[in-house]
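Colleague: Quick one: sequence and predicted model below, then my questions.
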Amino acid sequence: MTPTTVSSKPSRGNKSRLRRWLGSIQGKMIIASLLISLVPTAIAAELTVRLVLGVMDTDVESFLHETSILFLGQFQEAHQEGASLGKYLYEQQQLKSPSQPVTKVDTSFMRLVETLGYSVVMIYTESDNKIIFSNYPVSHFEILPSDVGNSLYSMQLPNRSLVMSGGSFSYEVDGKSYVILVGNWLDENFIENLKSVTSIDLRLYYKSDNQFHMIYSSRSDAAVGTPLPDDVVQVLESGHSAYYDPQADEGRFRVEYLPVRNARGEMIGIMSSGMRTTELPSIGDLPVNTILIVFLSGAILSALTGLFVTRRLSRPLRSLSKGVASIIDGDYNHRVGVQGDDEVAELAQAFNHLSERLNLLRSLEAELRRKDRLSALGEVAVGIAHEIRNPLGTIKTSAELVRKREGISAGDVKLLGYVVDEVRRIDSLIDEFLSFARPSAPHMRRLPLSAVAQKVGDFCEPELSSHKITLALTDDSEGAMVQGDEDHLFQAALNLVLNAIDAMAGGGSMEIRSWRDGKFAKLSFRDSGTGIPLEMQEKIFDPFVTTKPHGTGLGLAKVFSVMESHGGTVDLQSRPGEGSCFTLVLPIAD
């Protein structure tokens, strides 16, 4: 039995990849960020906890302030609603017994009062505070004080003295003033919205004998009559709208104090809202693992930050590396993305500039080689044309003489006619070749580029129609003028149209458009033909390069030569199967 061997290649491969990653810029920067951030992260963990507690303390202060405002709002609301209920009771009495004072309250009105959250109804004479009616056994009452707007009352019951908050309505009958008082006791049920928050201690201090004493507390462990600390009174009497004491009552409470002022701005009462410090968290209350969690979170965040930063740095570096490889492979059109304005971005810009310059140099080199080839071709063409035309002339003359002799059979006459026609065709090709190799000098003059487009469109429209090709002429040149030879430009445009016809053997569409683009006038020829293969596009303007079975390969080379003599260019955009677009670009004449 053959023993089974476990390969260690995957493990070695993983170690190799890890070693490469640790040696990369990304790995080094992540490790460096972790080492650098360990101590700051530990400090940040403690500062974070303190910051959280500081924010919590600020929130507690804001919460207590809003609670105090809400408590004071209850007094105003009780004053307004109590007065409205008293007025309603008076109006109901006047409907039943006009000119009679209200001396009692029926059960329907009491149910209304209780539904609205009030419990005390009392009627008394304003001159001597004699109680006519009360649903509680009140033996004596006192307004605390009149400057508050008759919203606080001290009520003496058989076994205790309570403070009531409410509103009153005064009216006169037979010259005697009566007051209807509706309110609620200042007890644990006074503020319904805060009943569920049992940790809040709401207190109301009333000024008597030049000192503020507590007359109400929402918690039973506070003694009525407790004086307010003098330092709080001094701060509020100095004009502050509120005072927050995080160490009240020897650090046992955090309290927000709000002053209650009369119409003259005098402070007649103080409202406080507090919470026990034992009911709020502190640093000592936090478990050790909380700080560890904060520390580990900071470390992980540092690692993620390092990963993000290194990716931002390594990505453009990898892009630059790929760009260099593309330049080595001969792709001078490759560009890298530029992000930001740091040193890496400057390096990317320098690379793009280098690539652009190399591409320009390659174009200039190709142009020089092309000119050298054309120059040599012109010299050779003249000699070859001279050597070929002389015997061709002799052949043509001899064939015509022989064809005119008597006794020549019809078959021989026909063959001699073929000889003459072929000689003429060869002579025409020589003329075309000589025209390309030794072009005539252009006769330059100012002319509108749109006129060339219109002329070639009118000339070729019958031929295009016969091949089932629709023509669209568009003039957006705004009358742009160019300096050129009209005949040469027409010949170049005609060559482009004829090539387009050959590319659309089954019919199609063609658009000839002229337009202005900055300092240049452009004339484009767009067809819906078969397009030009990618490998042919770079050399399509070279002499004798053609995609047609019987073409000479001089048409587009002639177009290129014409544009070169006019100081312009010709651009090509083509996708196989989607058609081609040739654009003649000429500088606008000043």
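Modeller: Noted; the coordinates are in hand.
Colleague: Domain ranges for the chain, per the record?
Modeller: 56-279, 361-438, 442-587 (automatic domain parsing).
Colleague: Go through those domains and find the least confident stretch.
Modeller: Lowest mean pLDDT of those: domain 361-438, a mean of 72.
Colleague: Quickly note the distance from residue 572 to residue 133.
Modeller: Distance of residue 572 to residue 133, computed by Cβ to Cβ, to the nearest Å: 107 Å. All C-beta spots, glycine's among them, are computed from the backbone N, C-alpha and C.
Colleague: Share the number of residues neighbouring the nearest residue to residue 204 once chain neighbours are set aside, please.
Modeller: Of all residues not flanking residue 204 in the chain, residue 216 sits nearest, at 4.2 Å (Cβ to Cβ, 6 or more residues apart in numbering). Using other Cβ atoms under 10 Å, residue 216 has 21 neighbouring residues.
Colleague: Next up, the contacts around residue 216.
Modeller: The contact partners of residue 216, by Cβ atoms under 8 Å, 6 or more residues apart in numbering, come to 163, 186, 190, 202, 203, 204, 224.
Colleague: Kindly recompute the last result at 6 Å.
Modeller: Taking Cβ atoms under 6 Å, 6 or more residues apart in numbering, we find residue 216 in contact with 163, 186, 204.
Colleague: CSV for those, including secondary structure?
Modeller: Conversion of these to CSV gives the following (DSSP: H, G, I helix; E, B strand; the rest coil):
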residue, secondary structure
163, strand
186, coil
204, strand
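Colleague: and which of those is nearest to residue 416?
Modeller: Nearest to residue 416 among the contacts of residue 216 is residue 204, at 134.7 Å by Cβ to Cβ.
Colleague: Can you give me the distance of the closest one to residue 463?
Modeller: From residue 204 to residue 463 the distance is 105 Å (Cβ to Cβ).
Colleague: likewise residue 564?
Modeller: In this structure, residue 564 and residue 463 are 27 Å apart, going by Cβ to Cβ.
Colleague: Measure how buried residue 409 is and give me the count.
Modeller: When counting by other Cβ under 10 Å, one arrives at 8 neighbours for residue 409.
Colleague: Oh, that last question was meant for residue 560, not what I typed.
Modeller: By other Cβ under 10 Å, 19 other residues sit near residue 560.
Colleague: Identify the spatial nearest neighbour of residue 573, chain neighbours not counted.
Modeller: Per Cβ to Cβ, 6+ apart, closest to residue 573 is residue 581, 4.6 Å.
Colleague: hey, what's that neighbour bridged with?
Modeller: residue 526, residue 573 (DSSP bridges).
Colleague: so who does it touch?
Modeller: Contacts here follow Cβ under 6 Å, 6+ apart; on that basis residue 581 touches 524, 526, 573.
Colleague: was I right about the first one contacting residue 513?
Modeller: In other words, residue 524. Yes. Residue 524 is in contact with residue 513 according to Cβ atoms under 6 Å; the separation is 5.1 Å.
Colleague: Residue 564 and residue 463: who's more crowded?
Modeller: The neighbour count for residue 564 versus residue 463, taken as other Cβ under 10 Å, is higher for residue 564 (17 against 13).
Colleague: Can you tell me how far the more buried one is from residue 65?
Modeller: The gap separating residue 564 from residue 65 is 84 Å, by Cβ to Cβ.
Colleague: Please enumerate the helices of the stretch 451-590 of the chain.
Modeller: 486-503, 534-537, 555-565 (DSSP state H, counting those that start in this stretch).
Colleague: Please tabulate those in TSV, including the columns distance to residue 296.
Modeller: Shown next, in TSV, are the helices of the stretch 451-590 of the chain (distance: least, Cβ to Cβ, whole Å):
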stretch	distance to residue 296
helix 486-503	69
helix 534-537	56
helix 555-565	69
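Colleague: In the chain, what residue spans correspond to helices?
Modeller: All helices of the chain, identified by DSSP state H, fall at 9-23, 25-96, 107-115, 230-237, 248-251, 288-328, 343-404, 410-437, 449-466, 486-503, 534-537, 555-565.
Colleague: Could you check the third one and say which residues are buried?
Modeller: Along helix 107-115, these residues count as buried under the neighbour rule (16 or more other Cβ atoms under 10 Å): 109, 113.
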